[in-house]
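Asker: How does the following fold in three dimensions:
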Amino acid sequence: MERLPVGVYVCDAGGVIVHYNRRAAELWGRSPDLGADELYGALRIFHADGQRLEPHQSAVAEVLATGAPVKDREVIVEHVDGRRLHLLTNAEPLFDDHGALVGAVNCIQDVTDLRQARNMLRARQGWSQRVLESSPVAIYQTDSEGVLLGFNSAAAALWGREPRIGEDRWCGSYKLFWPDGSPMPLETCPMAQAIRERRQIAGAEAIFERPDGGRGAFLAYPTPLFDADGQLVGAVNLLVDITERKRAEDLQKTLLDELNHRVKNTLATVQSLAAHSFSDVGDPAGMRQAFEARLMALSGAHNQLADRRWEAADLLDIVAGVLAPYGGEAVFCEGPSIQLSTRASVTFAMVLHELATNAGKYGALANGDGRLLVHWATTPEGLSLEWRESHGPAVKPPQHKGFGLRFIRGAIERELAGTVDFDFVETGLRCRISAPLTVAT
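Answerer: Coordinates of the predicted model:
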């Protein structure tokens with residue numbers, strides 16, 4: 001018994017220690033007095049949770065009281081120097097030939113290192129769990145068959161739902177789609193592919209849909225997990241949410257396409273203005289002045305759109321900007337706030353500029369007595385704008401249509417699918433413009 005690597009001691013029916021080996025004395029940190037010390041040889045003994053263990057609560061006392069063995073009970077013993085050891089005790093009753101209880105034998109084994117390793121493992125597991133839960137990246141784990149074993153809060157937030165542990169397979173997403181928008185069956189998702197092929201997959205893109213219909217995109221990084229023998233035991237997957245990045249990329253592409261379209265349209269408009277401004281035989285300085293004024297009107301429309309990030313412009317701002325050089329007393333504008341599209345904003349700015357230029361040269365704004373009313377409103381058919389001049393020089397229908405009239409009609413009809421009516425009454429020009437709101441806004 002002295003050669004055993006575990007401590008062994010024997011007590012009689014009264015609990016008095018009658019024998020112990022050298023290893024038992026080492027574990028107790030002392031050599032008890034045979035025939036005097038009872039139940040255990042340590043000076044102090046505690047429960048595994050650190051609470052003081054009373055003599056009647058010891059394993060040997062329980063065996064002597066019940067006649068039944070005590071298995072794998074952990075206790076803490078304290079040595080004289082204060083050092084503590086964790087011991088695993090296994091006590092068995094001893095009976096004589098007649099079945100009478102005559103004592104007990106207790107085997108004690110040092111599990112201090114095992115207890116420390118176990119505590120360290122628990123601490124690491126707890127730390128890993130806290131890291132997992134606090135991670136902003138969606139993480140989940142499955143077994144070798146793809147059945148979900150766990151997930152963190154970021155994954156639940158990404159999916160918009162909490163999948164059923166032990167039931168849902170492959171992924172917690174409500175629905176998945178390929179990057180081109182076609183449906184992706186769950187059994188073909190990146191996690192399923194990684195488990196089937198037993199290989200890591202890096203950055204597989206997919207579109208997910210939540211139960212509320214909201215959609216997003218993620219990059220998946222599934223990694224199979226193997227045991228010491230190389231057997232597949234499960235997999236872990238990291239889902240990086242790239243929804244905002246995809247939206248930014250789509251917005252950038254849209255903006256570049258829109259910019260390309262606007263540049264082409266602007267160049268075409270400038271070419272048209274130049275061609276018509278310099279087509280008539282006349283004063284070169286006057287033609288250049290007219291061309292520059294039209295460019296300024298185009299620039300003014302672009303500035304208003306730029307102030308609103310090229311999303312829309314208010315018709316009231318456009319009218320006020322065009323008529324600002326002609327003073328406030330002769331001009332009266334009225335109408336609701338109407339947000340115009342970029343195309344409609346530029347078109348109305350150029351059209352109103354041509355009308356204002358004509359009024360300044362030949363119409364109501366050519367003298368100090370004229371008046372101008374610009375009124376607009378929404379109608380069941382769309383947008384209606386009326387330009388009405390009065391008290392200016394007498395008006396006569398033109399003998400031929402100049403660039404201004406041709407440009408106004410062509411721009412409204414071509415760009416906005418609208419209509420233009422001119423009425424050259426003697427008291428002043430009247431122009432009525434109608435355009436569908438679906439085109440103009």
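Asker: Please state the mean pLDDT value computed over stretch 67-77.
Answerer: In this model, stretch 67-77 has a mean pLDDT of 94.
Asker: Not counting it itself, show me its contacts.
Answerer: 27-29, 40, 42, 44-48, 50, 53, 58-59, 62-63, 84-93, 101, 111, 115 (CB atoms under 8 Å, 6 or more residues apart in numbering). In this view, the C-beta of every residue, glycine as well, is placed from N, C-alpha and C.
Asker: quick one: contacts of the helix or strand hosting residue 237?
Answerer: Following DSSP states H and E, one finds residue 237 within strand 232-241. Here strand 232-241 makes contact (CB under 8 Å, 6+ apart) with 137-144, 146, 149, 155, 158, 171, 190-191, 194-195, 198, 216-227.
Asker: Pairing partners for that strand, with directions?
Answerer: Using DSSP bridges, the strands paired with strand 232-241 in its sheet are strand 138-143 (antiparallel), strand 215-226 (antiparallel).
Asker: mean confidence for it?
Answerer: 93.
Asker: Please work out which of the strands paired with strand 232-241 is packed deepest.
Answerer: Among those, judged by mean count of other CB atoms under 10 Å, the one packed with the most neighbours on average is strand 138-143 (a mean of 21).
Asker: helix or strand right after that strand?
Answerer: Proceeding N to C from strand 138-143, the next assigned helix or strand is strand 148-151, under DSSP H and E.
Asker: Which neighbours in the sheet does that following strand have, and how are they oriented?
Answerer: Strand 148-151 has these strand partners (DSSP bridges): strand 138-143 (antiparallel).
Asker: distance between the partner strand and the chain's centre?
Answerer: The chain centroid and the centroid of strand 138-143 are separated by 19 Å under CA atoms, centre = their mean, to the nearest Å.
Asker: re earlier: tell me which residues in the strand holding residue 237 are buried?
Answerer: For strand 232-241, the neighbour count (16 or more other CB atoms under 10 Å) marks 234, 235, 236, 237, 238, 239, 240, 241 as buried.
Asker: Kindly report the same for stretch 19-32.
Answerer: 20, 21, 23, 24, 27, 28, 29, 32.
Asker: and what of stretch 60-68?
Answerer: Going by 16+ other CB under 10 Å, stretch 60-68 has these buried residues: 60, 61, 62, 63, 64.
Asker: Would you mind giving those residues as CSV with secondary structure added?
Answerer: Shown next, in CSV, are the buried residues of stretch 60-68 (DSSP: H, G, I helix; E, B strand; the rest coil):
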residue, secondary structure
60, helix
61, helix
62, helix
63, helix
64, helix
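Asker: CSV for these, including distance to residue 370?
Answerer: Formatted as CSV, these follow (distance: CB to CB, whole Å):
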residue, distance to residue 370
60, 120
61, 118
62, 115
63, 119
64, 123
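Asker: With respect to residue 206, which of the buried residues of stretch 19-32 is nearest?
Answerer: When the buried residues of stretch 19-32 are compared for distance to residue 206 (CB to CB), residue 27 comes out closest, at 58.8 Å.
Asker: tell me which element the closest one is part of?
Answerer: Element membership for residue 27, per DSSP H and E: helix 22-28.
Asker: Tell me which residues are up against that helix.
Answerer: Residues contacting helix 22-28 (CB under 8 Å, 6+ apart): 2, 4-9, 31-32, 40-43, 77, 79, 85, 87, 108, 110.
Asker: and what of stretch 107-124?
Answerer: By CB under 8 Å, 6+ apart, the list of residues contacting stretch 107-124 reads 6-9, 24, 27, 74, 84-91.
Asker: quick one: average confidence on that stretch?
Answerer: 83.
Asker: okay, now residue 380: neighbour count?
Answerer: 5 (other CB atoms under 10 Å).
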